[in-house]
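What would the 3D arrangement of this be:
(one chain, ligands or ions: 1)
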Amino acid sequence: VCPFGAITEVSEIEKVKAAIKNPEKVVIFQTAPAVRVGLGEAFGKPFGTFVEGKMVAALRALGGNYVFDTNFGADLTIMEEATELLNRLQSEEAPIPQFTSCCPGWVEFAEIFYPDLIPHLSTTKSPISILSTIIKTYFAKMKDIEAENIVNVCVTPCTAKKSEIRRPELKASSQYWDIPGIRDTDYCITTRELARWMGEEGIDFDALADSPFDDVFGQASGGGIIFGNTGGVMEAALRTAYYMFTGRKAPAIFLPFEPVRGLDGVKKATVTFGHFVIHVAAISGLANARAFIDDLIARNAFEDYSFIEVMACPGGCIGGGGQPKMKLPQVKAAQQARMDSLYARDAETDIKASWENPAIQKLYKKFLGEPLGEIPESLLHTYFMSKHSLLGKMGQVKPEDNPMST
Ligand code: SF4
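Residues are numbered from 1 along each chain as shown. The predicted structure follows:
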């Protein structure tokens, strides 16, 4: 089940099918990193089997006009988030540590239970939301498609993404085109829902011939690929931050960066970037996040860290609530196999860091300008708001019980 966010899985597949049938609509799927190492399990494959090519082929067979890789969005998220980290570390006033914000379960948890942490959250949009925005602005312009005719569908391991895409502020494309009513992402379907849909349509999984992603947003670095694992966002960010801080490619220690790998709920590391010494932590599971943050509060020790990744699901998105189900004793083995599968793919890639992705470089050159520049600020960043008052309504904890409450 989802650890936070959407309690029940409400399928939007009928709406996606209707869009596919509508000749005016251009239906664009994007697939999150962890889906390709979970989907095969629904068709009897061993845990963690890497089925990217069949997944893309299935989405084409179901009627998608384009299939893009959310890993490209992850590379874009890293470009902005690593720049943000550099700016924070060079600023006298900006709050440190920076927390990641790509997990909607964690973001909602922070908004409700730790609203004083909001200034610490990276303002960079999640990989799905960032790619959806780019599709309805840059891609729409490039292909001369009216943004209101694009239907963005994300395929994710995550039930909480169903609520993220409905956040009212995630409508940058509506503001860009000055057309009311456009949402950046229209629908979200989970790995499990995709498998069910494929079954209903009689798609023979084994007979599917591998298909590549569409170009423009089909190429990603190893850093983008490992986003699905706990510690993956951190490792990807460090590979690019190293370059941004020093002007040099990340050394072999980051390829792989073992201290943030593995299924432990809390992982810590210290890295040196030129004259910066950076203490980082990667946390998965909200109970671990709560204990970690409460300890920092109790010890008044926030400045012990520069950068903290939090993912709500144990193991990260590979263990998301929308992945194929399994018996409880198999959970760890499945998570480990999915995690290994993403790391194996990273090991095979020539391009390890997000900044090295030629498609990312081209996007900044042709459209975005510089990270954190005027266009990225308006399209690729978001904001968060306190939902602390919900605590009283939930009848669990009174707002004044939160030690960070002001
Ligand atoms: Fe969703 Fe991943 Fe966060 Fe789980 S860890 S809630 S799957 S974004």
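
can you tell me which helix in the protein is longest?
In the chain, assigned by DSSP state H, the helix with the most residues is helix 70-90.

Give the buried residues for it.
70-86, 88-89 (16 or more other Cβ atoms under 10 Å). In short, each C-beta sits where N, CA and C put it, glycine included.

does the ligand sit close to stretch 316-330?
Yes - Stretch 316-330 reaches the ligand (Cβ under 6 Å from any ligand atom) through 316-317, 320.

Contact partners for the residue nearest to Phe72 when sequence neighbours are not counted?
Sequence neighbours aside, Phe217 is the residue nearest to Phe72 in space, at 4.3 Å (criterion: Cβ to Cβ, 6 or more residues apart in numbering). With contact set as Cβ atoms under 8 Å, 6 or more residues apart in numbering, Phe217 has these partners: 30, 68-69, 72-73, 131, 134-135, 139, 359.

Contact residues of this protein facing the ligand?
Counting by Cβ under 6 Å from any ligand atom, the chain sits next to the ligand at 103-105, 157-158, 160, 311-313, 316-317, 320.

Out of these, list just those in helices.
In this view, these that belong to helices under DSSP H are 104-105.

Buried among the residues of the chain next to the ligand? Need that as a selection in ChimeraX.
Here is the ChimeraX command that selects the buried residues among the residues of the chain next to the ligand (16+ other Cβ under 10 Å):
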select :103,104,105,157,158,160,311,312,313,316,317,320
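
Turn the residues of the chain next to the ligand into CSV, columns for pLDDT.
What follows is those, written out as CSV (pLDDT from 0 to 100):
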residue, pLDDT
Cys103, 97
Pro104, 97
Gly105, 97
Pro157, 97
Cys158, 95
Ala160, 95
Met311, 97
Ala312, 97
Cys313, 96
Gly316, 96
Cys317, 97
Gly320, 96
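
and which of the residues of the chain next to the ligand is nearest to Arg183?
Among the residues of the chain next to the ligand, Pro104 lies closest to Arg183 (Cβ to Cβ), at 15.0 Å.

now the closest one, nearest residue through space, not along the chain?
Glu164 (3.8 Å).

circling back to that earlier point, which one of the residues of stretch 316-330 next to the ligand sits closest to Glu258?
Of all the residues of stretch 316-330 next to the ligand, Gly316 has the smallest distance to Glu258: 16.0 Å, by Cβ to Cβ.

what sits against the closest one?
With contact set as Cβ under 8 Å, 6+ apart, Gly316 has these partners: 34, 228-232, 284, 339.

One more: Glu356?
Residues counted as contacts of Glu356 (Cβ under 8 Å, 6+ apart) are 221, 249.
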